[in-house]
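*Asks:* how does the following fold in three dimensions:
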Amino acid sequence: MAVSRQLRMIDMTTDDTGQAPEGGEDPRLTSLEERLKDAHHSEAERTAPKAVGNAFTGKGVSQGNRVLSALIGAPLGGLIVGFALDQLFGTRPWVMLSMLFFGIAAGFVQIWRISKERAE
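*Replies:* Now for the predicted structure:
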């Protein structure tokens, strides 16, 4: 019985309201605000874009240029080679058309290979 009376007295003396004891600013909230401010600052630094001197530099732009050259160069190369072979053998337009389609297929294969690379 004496133990239960002491527990009741302890319960009455502790302030379990969660508020600052003297009505001032709670040091826990101040500490939390400082930690949140530090966390926001470090996250902003971590996710900030890196300064680049020119907007048209980097691996992503390089990959885009490679895709563009594959889309234009491979079919155009096939067309020119096919035209030359047609002139040589007199089979106009069949070799030129077949080489054009081979060039298109080669361009798509190149684009597929480029797309497997990681742009950063």
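*Asks:* buried ones in stretch 65-82?
*Replies:* Across stretch 65-82, burial judged by 16 or more other CB atoms under 10 Å covers 66, 70, 74-75, 77-79, 81-82. Every C-beta, even on glycine, is put in place using the N, C-alpha and C of the backbone.
*Asks:* same question, stretch 84-98
*Replies:* Within stretch 84-98, the residues that count as buried by 16+ other CB under 10 Å are 85-86, 95-96.
*Asks:* and these, which is closest to Glu43?
*Replies:* Closest to Glu43 out of the buried residues of stretch 84-98 is Met96 (58.4 Å), distances taken as CB to CB.
*Asks:* wait, what's in contact with that closest one?
*Replies:* By CB atoms under 8 Å, 6 or more residues apart in numbering, Met96 lies in contact with 79, 82-83, 85-86.
*Asks:* where does the protein dip in pLDDT?
*Replies:* Applying pLDDT under 70 to the chain picks out residues 1-23, 51-55, 119-120.
*Asks:* could you pull out the helices for it?
*Replies:* Using DSSP state H, the helices of the chain run over residues 2-13, 27-47, 59-89, 94-115.
*Asks:* measure the nearest residue to Leu79 once chain neighbours are set aside to Glu34 for me?
*Replies:* If the residues on either side of it in the chain are set aside, Leu79 comes closest to Leu100, at 4.9 Å by CB to CB, 6 or more residues apart in numbering. Using CB to CB, to the nearest Å, Leu100 is found at 67 Å from Glu34.
*Asks:* cool, and Met99?
*Replies:* According to CB to CB, Met99 and Glu34 sit 70 Å apart.
*Asks:* which one's more surrounded, these two?
*Replies:* Taking other CB atoms under 10 Å, Met99 and Glu34 do not tie; Met99 has more neighbours (21 against 10).
*Asks:* Leu32 versus the closest residue to the more buried one other than its chain neighbours, what's the distance?
*Replies:* Spatial nearest neighbour of Met99, chain neighbours left out: Gly82 (3.0 Å); criterion: CB to CB, 6+ apart. For Gly82, the distance to Leu32 (CB to CB) stands at 72 Å.
*Asks:* before we move on, what about Phe108?
*Replies:* Separation of Phe108 from Leu32 (CB to CB): 56 Å.
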